[in-house]
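# Got a predicted structure here, sequence first:
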Amino acid sequence: MAYAYLTLLDVAKLNGQDQVVGLIEENLNIAPEAMMFPFRPIKGTTFSTVVREDFARPAFRAANEGTEPKKSRYANKLVQCFYLDGQLEMDVAVAQAHDQGEAAALAIEADGMMQGSLLTLGTQVWYGTTSSGDAKGFPGAVSIVDSAYVLDAGGTTATTGSSVYGVKLGDKHVSLVGGNNTVFNMGEWRKQTITRSSKELTAWKNALEGWIGCQWVNKNALCRLKDITADSGKTLTDALLAQLLSKLPANAVPDYWFMSRRSRYQLQSSRSATTNNSADALRFAPLPTESNGIPIVVTDSLLDTEVLT
């Protein structure tokens, strides 16, 4: 049985955040990162961890001959959470005009903010503080991945690139982190006077907020195939993913491949068609669910418009 970890949804349930739980359950399908990445709540908004970078290794010796003492090599890493802030407001006149009442109108608006928050989270996981992410958020995979674990697919058409990431999940590998022992917080809707164009009106106000980060503490837990395009010979194949795996240590096999829908289609197209026995006719290869024995997760958070590097 595969290991199971607490996720963002689990923590929200354990904290009794009923409104947040309902919203997450409705919208998790749009951001698999939120559903699949382990989620670790912490007391504050930062923590330090120690990473063993090399082991102490013994040596063989002859009788009556000594050996030198050895030691492991360690490094400290700081993991930080950043404040995600989704402000909500709705004119009471607009809320009252909804045919199912004010509560329904406010619930729809909150649902949209949760969807947007999960999409923002998914994008930040991969693109971090680059122009495709948010400069005020946590670092993403694109800047964290070790250069030794990056393979270039060789695409040449500008701004049509995509990436596939192999990720190993867990507390000692990659996981999401929630500051102040929580996940997203949403308070009660409240009426207050707001100003628009120097004129006042009464509106409903709320916010979806929380401290969130991502820990990338083990360099062997992440690899990247970059510059996948639609150029001939530069699309995704099982052979390229196998070549990427060859860069990793033998015991550092990813748990999942994360890729875009276009990349999955390219992988499907690269595979041999199967025979329909009843008609002896060729049909399209089945939709890929794994490559090189590693399950595939499709996410819209990975773009097909990346700048080639």
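Structure's in. What do you need? Computed from a prediction, not measured in an experiment: that's the story for all the values here.

# When you work out contacts or count neighbours from here on, use the C-alpha atoms and nothing else.
Noted.

# so where is the protein shaky, pLDDT-wise?
Scanning the chain for pLDDT under 70 picks out 1-28, 51, 275-282.

# If you count residues, where's the longest helix of it?
For the chain, the helix reaching the highest residue count under DSSP state H is reported as helix 102-127.

# which helices and strands does the helix or strand that comes right after that helix pack with?
Taking DSSP states H and E as the definition, the helix or strand that follows helix 102-127 towards the C-terminus is helix 141-144. Contacting helix 141-144 under the criterion 3 or more C-alpha pairs under 8 Å, 6 or more residues apart in numbering; DSSP states H and E are the following elements: helix 102-127.

# For stretch 92-109, buried residues please.
Residues 92, 95, 102, 105, 106 are the ones in stretch 92-109 that count as buried (16 or more other C-alpha atoms under 10 Å).

# What of stretch 152-162?
By neighbour count on 16+ other C-alpha under 10 Å, the buried set for stretch 152-162 is 152, 153, 154, 155, 156, 159, 160, 161, 162.

# same check, this time on stretch 250-267
Those would be 252-264, 266-267, for stretch 250-267 by 16+ other C-alpha under 10 Å.

# Inside strands: which ones of the residues you listed?
Residues from those lying in strands, with DSSP state E as the criterion: 256, 257, 258, 259.

# hang on, the last one packs against residue 291?
No: contact status for residue 259 versus residue 291: not in contact, 11.6 Å apart, counting by C-alpha atoms under 8 Å.

# what residues are up against residue 215?
Going by C-alpha atoms under 8 Å, 6 or more residues apart in numbering, residue 215 touches 79, 173, 174, 175, 176, 177.

# Next, give phi and psi for the last one.
Reported as degrees, to the nearest 10, the phi and psi values for residue 177 are phi -130, psi 130.

# quick revisit: report all helices and strands that the longest helix of the chain contacts.
Secondary-structure packing of helix 102-127 (3+ C-alpha pairs under 8 Å, 6+ apart): helix 18-27, helix 32-36, strand 82-91, helix 92-96, helix 141-144, strand 199-216.

# So what's the gap between it and the chain middle?
16 Å (C-alpha atoms, centre = their mean, to the nearest Å).

# quick one, it and strand 199-216 angle?
Here the directions of helix 102-127 and strand 199-216 differ by 40 degrees (axes from the mean of the first three to the mean of the last three C-alpha atoms, to 10 degrees).

# how far off strand 82-91 does helix 102-127 point, in degrees?
Put simply, helix 102-127 runs at 150 degrees to strand 82-91, going by the same axes, to 10 degrees.

# sorry, back to before: quick check, nearest of the ones in strands among the buried residues of stretch 250-267 to residue 209?
Looking at those and their distance to residue 209, the nearest is residue 258, at 26.8 Å (C-alpha to C-alpha).

# Show me what that closest one is bridged to.
Per DSSP bridges, residues listed as beta-bridge partners of residue 258: residue 165, residue 297.

# Many thanks, I have nothing further to ask.
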